[in-house]
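Asker: Provided below are the primary sequence and the corresponding predicted coordinates.
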Amino acid sequence: MGKVILEVKDGIGYLTINRPDKLNALNNEVLSELNTIIDDINKNSEIRVVIVTGSGEKAFVAGADIAFMKDLTPKEAVDFARLGQEIFFKMEQSEKPFIACVNGYALGGGFELALACDFIYATENAKLGFPETGLAIIPGFGGTQNLSRLVGKNIAKELIFTAKMITASEAKELRIVSQVFKTKDEMIKFAEDVAKQIMKNGPIAVGLAKRAIADGFDLTKEDGLKYEASLFGVAFSTNDAKEGLTAFLEKRKPEYKNS
Ligand code: DAK
């Protein structure tokens, strides 16, 4: 069994980090498999939405693998960092939505994996945080950038400087997590319903909207609006847009072909 598993069912890709004996910690092997699987997901037109979770009940991902990192040479550390950043960036740039389902610990690189997804659900037993400063390192897979963009600089600094873990309900209050569930099964079921709702919509439009929000976020308002307008134009070059608008006027359900 691989360290990262991808199963595809009814348009949903179930991506599971599968190293439960080490709380799904990310070492080179996990990252390399994850890299290949993200490429596969991006190429696979059968997959419309991806649900990301960790194997077992205890952890989503308890961070980058500390045992693995401890003995890295500076060159190996750079390669490890580059690989992680590349993967997480690919997820953010993917046209498919990624939903993080956080079961248990999401720490360090695991929290960063969740933040690289488009939104986050969590179970009541989830604990999220950046323990890195306690290890005398800093988050390196985008955490300082993504968390501060999500919750603002002050809260991000408080969480990163203190290295404290927060509960799922505290994370919901901070709007890091959108919903909290009693069990992992309930959470996955909810994520599947949300995925089905997304899959009713134009696939290219969902991808363009993701891109408009992701890439537009760091632009000035004026440039963001120009960017949105250009992607709006791209949507109008698709058959699906013609189908969506026509179906509304003909009072029928649209049939999208991803073209
Ligand atoms: N790495 C390696 N092994 C880990 C691990 C981790 N992050 N987390 C857990 N494990 C292993 C434990 O060593 C243990 O293995 P055995 O001893 O059984 O062989 C097994 O998983 C079960 O864990 P525990 O026995 O510790 O379980 P507990 O319930 O007692 O505690 C815990 C759960 C999550 C509170 C505890 O395991 C823990 O504190 N884990 C470490 C959490 C952590 O500090 N995570 C952050 C890692 S640092 C960068 C890129 C990325 C990063 C930084 C820079 N660059 C690009 C520059 C990211 C850094 C991190 O993520």
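Answerer: Sure thing, it's come through.

Asker: What's the separation between K127 and T167?
Answerer: 6 Å (CB to CB, to the nearest Å). Just so you know, the C-beta spots here come from the backbone N, C-alpha and C atoms, and that holds for glycine as well.

Asker: more neighbours, those two?
Answerer: K127 (21 against 17; other CB atoms under 10 Å).

Asker: Go ahead and confirm that one touches L107.
Answerer: Yes. Counting by CB atoms under 8 Å, K127 does reach L107; the two are 7.3 Å apart.

Asker: So which bits of the stretch 101-250 of the chain are right by the ligand?
Answerer: Applying CB under 6 Å from any ligand atom, we find that the stretch 101-250 of the chain lies next to the ligand at Y105, L107, G108, G109, P131, E132, L135, I137, P139, G140, F141.

Asker: can I assume R211 sits in a helix?
Answerer: Yes. Under DSSP: H, G, I helix; E, B strand; the rest coil, R211 sits within a helix.

Asker: Just give me the neighbour total for it.
Answerer: Neighbours of R211 using other CB under 10 Å come to 18.

Asker: Now do the same contact list for it.
Answerer: By CB atoms under 8 Å, 6 or more residues apart in numbering, the contact list for R211 reads Q93, E95, L231.

Asker: can you list contacts of stretch 241-249?
Answerer: Residues contacting stretch 241-249 (CB under 8 Å, 6+ apart): G202, A205, A235, K253, P254, E255, Y256, K257.

Asker: What residue, apart from its backbone neighbours, is nearest the first one spatially?
Answerer: The reference is to G202. Excluding its sequence neighbours, the residue lying closest to G202 (CB to CB, 6 or more residues apart in numbering) is D240, at 4.4 Å.

Asker: Over to the fourth one?
Answerer: The spatially closest residue to K253, leaving aside those adjacent along the chain, is A247, at 6.4 Å (CB to CB, 6+ apart).

Asker: how close does that neighbour get to A205?
Answerer: 13 Å.

Asker: higher neighbour count, the two?
Answerer: A205 (18 against 14).

Asker: re the thing from before, now flag whichever of the contacts of stretch 241-249 is closest to the ligand.
Answerer: Lowest distance from the ligand to the contacts of stretch 241-249 (CB to the nearest ligand atom) belongs to A205, with 33.7 Å.

Asker: show me where the stretch 101-250 of the chain has helices.
Answerer: 109-116, 143-151, 153-162, 168-173, 184-199, 203-216, 221-235, 239-249 (DSSP state H, counting those that start in this stretch).

Asker: Most tightly packed of those helices?
Answerer: Sort these by mean neighbour count, taking mean count of other CB atoms under 10 Å, and helix 109-116 sits at the top with a mean of 28.

Asker: Give me the distance between that helix and the centre of its chain.
Answerer: Relative to its parent chain, helix 109-116 has a centroid offset of 7 Å by CA atoms, centre = their mean, to the nearest Å.
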